[in-house]
Every structure is written in C-alpha cells, then in structure tokens.
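Undergrad: here is my input, please return the structure:
(one chain, ligands or ions: 1)
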Amino acid sequence: MAEIRMIGLPSGERVPALGQGTWRMGEDRHRHADEVAALKLGIDLGMTLIDTAEMYASGGAEEVTREAIAGRRDEIFLVSKVLPSNASHGGVMRACEASLRRLGTDRIDLYLLHWRGGTPLAETVGAFEVLKRDGKIRHWGVSNFDTDDMEELAGIEGGDAVQVNQVLYNPGARGIEYDLMPWSEERGIPLMAYSPVNQGSLAEDRRLAAIAARHGATPAQIALAWVLRRKGVIAIPKAVEPEHVRRNRAALDIELDAADLAELDRAFPPPRRKQPLAMI
Ligand SMILES: NC(=O)c1ccc[n+]([C@@H]2O[C@H](COP(=O)([O-])OP(=O)(O)OC[C@H]3O[C@@H](n4cnc5c(N)ncnc54)[C@H](OP(=O)(O)O)[C@@H]3O)[C@@H](O)[C@H]2O)c1
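TA: From the prediction side, this is the model:
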C-alpha cells in the first residue's frame, strides 16, 4: 500500500487526504468497543485525521474519539466543531473547554463552525483567534459555507486564517463544482468532503458497480476515489465495519482513468448552473 497522500493547509501544515468521520458514533453503548476499534484500525492504516463534533451523540462521539486516540495524541490531527447556537464569544469558549474535556486533550488541531447561525461571523472568528492564542486550538475553519459565506468571511478581519470548508461532496452531490470548488481552489483553501459515500447509499449504486468491477473494487471505493481525485479535497468517510475501514484506505490508491471519469459524468452529471449548497 502506498504512503498516505498528504494535503497542505493554508498554514503550510500537511494533513492526510483521507481521514475518518465519527457521526453516529457514541450513540449506542453496545457498539462502543467496535467504534473505538474501527478508529484505531484507521489510525494504524494512516487515517490519522479524525473528524468529530460536539453535536454528535451530544458529545458521545468525542468520547469515543478520546478512547481511540489515547496514548497516541501526537499522531492525530483532531478536528471538532462548535454548534452555531454556541458561536458567540462566550459560547465558543465554553464549548471548546467541554470538547477538550471529552476528547481528553489540551488542544484541538482544527476547530470548525459547524454551520452558520445568527451570531455575527466576526464574533466567532474573534473567539477562534483567542482560542488559538491560548493554545486551545491550533487552527480554525468553517463548515457548510457557500461561496457568498466564504466571500463574507474573507472580508472580515482575521477571516483569511480559515483553513478548510467542510461540505457535502460525493458523486450524487456535485453542486459545489460550479462555483465553491473553483473559488476555494483559487485561494488554496481545501474542501473537506463529508458523506463521501452518501451515508452508505452509494455502496449499493449500480452505476458505480460497473466501474468498480473494472478495478476489482467496490462501488463505495469508487465513490471515494472519485472524491479524492481532486487535489484540494480531504475526504472523511465514517466506517465502523473493519472491512469498510480497510477498503476506504485502499480507495486512496485507486486511479480512475479518463473513461471512468466520463462514465461517472454521464451517470452523475456535473452542475451546469449555480445550485444552493446542499447540506445533510
Ligand atoms: N459538517 C457537517 O455538517 C457534516 C455532515 C455530515 C457528516 N459530517 C462528517 O463526515 C463524516 C462522514 O459522513 P457520513 O457519516 O454522513 O457518511 P459517509 O461517510 O458517506 O457514510 C457512512 C456510512 O457508509 C458506510 N460505509 C463506509 N465506508 C464504506 C465502504 N467502504 N463500503 C460500504 N459502506 C461503507 C458506513 O458503514 P459502517 O459504519 O457500518 O462501516 C456508514 O453507514 C461524518 O461521520 C462526520 O464526521 C459532517
């Protein structure tokens, strides 16, 4: 297996192009041990970027993450998110402390605003900068921001410190290719693709199955390889099944050729006009 491919953040720091999601983890204590084991397996395979959020299982996913990274914190690039309802200055401070406690660490590597709410962006950015100064977070970014939100952010003092925008992206959700993706690529701001196998539904997709057969791969792997074909994209599939974890790592090494990409374009046409940002 080839070395895991890395992607540069605007700060210059390099992170794996393929990480691990944690949504729906921490919800069921009977699955807890399997979830911890899956994340550990993924880390062993080089998927050391872990994406979690205070929202997931009301902190439960952060607690699963804590167990998975225990004793190896320095290997991990830890991403968590603050809810828009906590995006005021004081709210961000309190939410970050609570996340740090649940994660069992003294720092979050990348702290994201989960989506835009009513708090002025400048207030949230100001709070993120204080957390950075105090060493509680190392970088910050955003999630579910459309192009106009990114433009607004770029106009705010300190807004240019944004490191990523985490958005929905998979073969069935290509709207961002029309404007947000070129906008981000031009500015060197990576996109972090969430739900890259569309919450599992692409694993059953017949159109992907035909391409998968040519590569000796599975449809989910083709979806993931397709998301990862863009050099400025980081993908964060969530997998608890150990076989899914292994296959996701292997998908990084699948090279789709021009015929595959053309077939994918026919099956999942790219956008021809602006589409509002899709969210899950
Ligand atoms: N910022 C946001 O608003 C936002 C929104 C949604 C998600 N996210 C983040 O993005 C992560 C990923 O998105 P997601 O969890 O919504 O969906 P996803 O990663 O597209 O899909 C996860 C589902 O696909 C299955 N799966 C994973 N790899 C597979 C494979 N190789 N073959 C077959 N099935 C496979 C998993 O099954 P098993 O678990 O049984 O293995 C799980 O049911 C989340 O966990 C979260 O961290 C962020």
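Undergrad: now do the strands in the stretch 51-200 of the chain.
TA: 77-82, 108-113, 137-143, 165-168, 191-194 (DSSP state E, counting those that start in this stretch).
Undergrad: most packed of these?
TA: Greatest average neighbour count among the strands of the stretch 51-200 of the chain goes to strand 77-82 (a mean of 27), per mean count of other CB atoms under 10 Å. The C-beta positions use only the backbone N, C-alpha and C, and glycine is treated the same way.
Undergrad: mind listing the strands that strand pairs with, and their directions?
TA: strand 49-51 (parallel), strand 108-113 (parallel) (DSSP bridges).
Undergrad: right, and the ligand sits closest to which residue of the chain?
TA: Closest residue of the chain to the ligand, CB to the nearest ligand atom: G21 (2.4 Å).
Undergrad: tell me how far the closest residue to that residue other than its chain neighbours lies from V167.
TA: Distances taken as CB to CB, 6 or more residues apart in numbering put K238 closest to G21, at 3.4 Å, once the chain neighbours are dropped. K238 sits 16 Å away from V167, going by CB to CB, to the nearest Å.
Undergrad: could you do G90 as well?
TA: 28 Å.
Undergrad: swap in W226?
TA: Distance from W226 to V167, by CB to CB: 16 Å.
Undergrad: burial count for S11?
TA: 11 (other CB atoms under 10 Å).
Undergrad: so it is in contact with D160, correct?
TA: No. In this structure S11 lies outside contact range of D160 using CB atoms under 8 Å: 11.2 Å.
Undergrad: quick one on the thing from earlier: switch the strands paired with strand 77-82 over to TSV; also include distance to the ligand and mean pLDDT.
TA: Formatted as TSV, those follow (distance: least, CB to the nearest ligand atom, whole Å; pLDDT from 0 to 100):
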stretch	distance to the ligand	mean pLDDT
strand 49-51	4	98
strand 108-113	7	99
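Undergrad: mind checking which of the ones you listed is nearest N248?
TA: strand 49-51 (12.4 Å; CB to CB).
Undergrad: tell me the gap between the closest one and the middle of its chain.
TA: Strand 49-51 has its C-alpha centroid displaced from the chain centroid by 7 Å (CA atoms, centre = their mean, to the nearest Å).
Undergrad: thought A278 was touching A173?
TA: Yes. The pair A278 / A173 is scored as a contact, 5.2 Å apart, by CB under 8 Å.
Undergrad: between the two, which has more neighbouring residues?
TA: Neighbours were counted for A278 and for A173 using other CB under 10 Å; A173 has more, 22 against 16.
Undergrad: residue contacts, that one?
TA: Each residue near A173 by CB atoms under 8 Å, 6 or more residues apart in numbering is listed here: 195, 198, 278.
Undergrad: residues near the residue nearest to the second one when sequence neighbours are not counted, how many?
TA: Right, N198. Among residues not flanking N198 along the chain, N170 sits closest, at 4.9 Å (CB to CB, 6+ apart). Around N170 there are 22 other residues, counting by other CB under 10 Å.
Undergrad: please look at N170 and P196 and confirm they touch.
TA: Yes. If you go by CB under 8 Å, N170 and P196 touch, sitting 5.1 Å apart.
Undergrad: overlap in contacts, these two.
TA: Contacts common to N170 and P196, judged by CB under 8 Å, 6+ apart, are 223, 227.
Undergrad: the chain against the ligand: which residues are in contact?
TA: 21-23, 51, 114, 143-144, 166, 194-200, 203, 218, 220, 236-241, 244, 247-248, 280 (CB under 6 Å from any ligand atom).
Undergrad: pretty sure N248 sits against A225.
TA: No. Applying CB under 8 Å as the test, N248 and A225 come out as separate, 10.1 Å apart.
Undergrad: settle it for me: which of the two has more neighbours?
TA: N248 (26 against 23).
Undergrad: T65 versus that one, what's the distance?
TA: 17 Å.
Undergrad: how about S88?
TA: In terms of CB to CB, S88 sits 25 Å off from T65.
Undergrad: likewise R246?
TA: Distance of R246 to T65, computed by CB to CB: 20 Å.
Undergrad: got it, and V240?
TA: Separation of V240 from T65 (CB to CB) stands at 13 Å.
Undergrad: which residues do those two both contact?
TA: Joint contacts of V240 and T65 (CB under 8 Å, 6+ apart) are M25.
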